[in-house]
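*Asks:* curious how this folds, go ahead:
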Amino acid sequence: MADEERKDRQPEPYTPASPTKRILAWVGIVYMVILVLLNVYALATGTMLRGITGLMVAPACGGLAAITWTSYKKGQYRGGRTGALFVVILAAASCLLSLAWGIPALLSALGG
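*Replies:* Purely as a prediction, here's the structure:
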């Protein structure tokens with residue numbers, strides 16, 4: 001009976017993930033790479049990196065800017081054009097500011 005059910009089933013057509021889901025997946029990949037590198041550094045040196053909060057905040061801010069922009073472009077953002085641009089500019093600026101604080105902190109922690 002199980003063989004007959006398998007023959008009757010039609011394979012479902014492929015539907016790609018939405019842009020929002022892809023953005024969230026890339027943000028997750030960036031966080032996993034950061035966490036793996038932090039753990040490798042801690043295991044190799046026996047110390048933890050300090051003061052890199054900016055590097056940990058930057059992917060979330062960049063993801064928020066990208067998701068807001070794609071939602072606005074698809075017409076699914078409820079805040080209107082002004083609200084969407086405000087959120088995108090604020091999130092992108094906070095991402096750049098976080099990187100501007102995080103990269104020098106990382107370089108000084110690594111001894112550079």
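*Asks:* tell me the centre residue of this structure?
*Replies:* Val27 (1.7 Å; C-alpha atoms, centre = their mean).
*Asks:* distance check, the closest residue to that residue other than its chain neighbours against Leu24.
*Replies:* Nearest residue to Val27, sequence neighbours excluded (C-beta to C-beta, 6 or more residues apart in numbering): Gly63, at 3.9 Å. Where you see a C-beta, it was placed from the backbone N, CA and C, and this is true even at glycine. As judged by C-beta to C-beta, to the nearest Å, Gly63 and Leu24 stand 7 Å apart.
*Asks:* in terms of neighbours, single out the busier of the two.
*Replies:* Using other C-beta atoms under 10 Å as the criterion, Gly63 and Leu24 rank with Gly63 on top: 21 against 15.
*Asks:* in contact with that one, which residues?
*Replies:* Applying C-beta atoms under 8 Å, 6 or more residues apart in numbering to Gly63 gives the contacts Ile23, Leu24, Trp26, Val27.
*Asks:* what do you get if the cut-off is 7 Å, keeping everything else the same?
*Replies:* Going by C-beta atoms under 7 Å, 6 or more residues apart in numbering, Gly63 touches Ile23, Leu24, Val27.
*Asks:* relative to Val87, how far out is it?
*Replies:* Taking C-beta to C-beta, one finds Gly63 at 12 Å from Val87.
*Asks:* what helix or strand is Met48 located in?
*Replies:* Using DSSP states H and E, Met48 falls within no helix or strand.
*Asks:* so it makes contact with Val40?
*Replies:* No. Counting by C-beta atoms under 7 Å, Met48 does not reach Val40; the two are 11.9 Å apart.
*Asks:* lowest-scoring secondary structure element of the protein by mean pLDDT?
*Replies:* The helix or strand of the chain with the poorest confidence is helix 2-8; it has a mean of 64 (mean pLDDT, DSSP states H and E).
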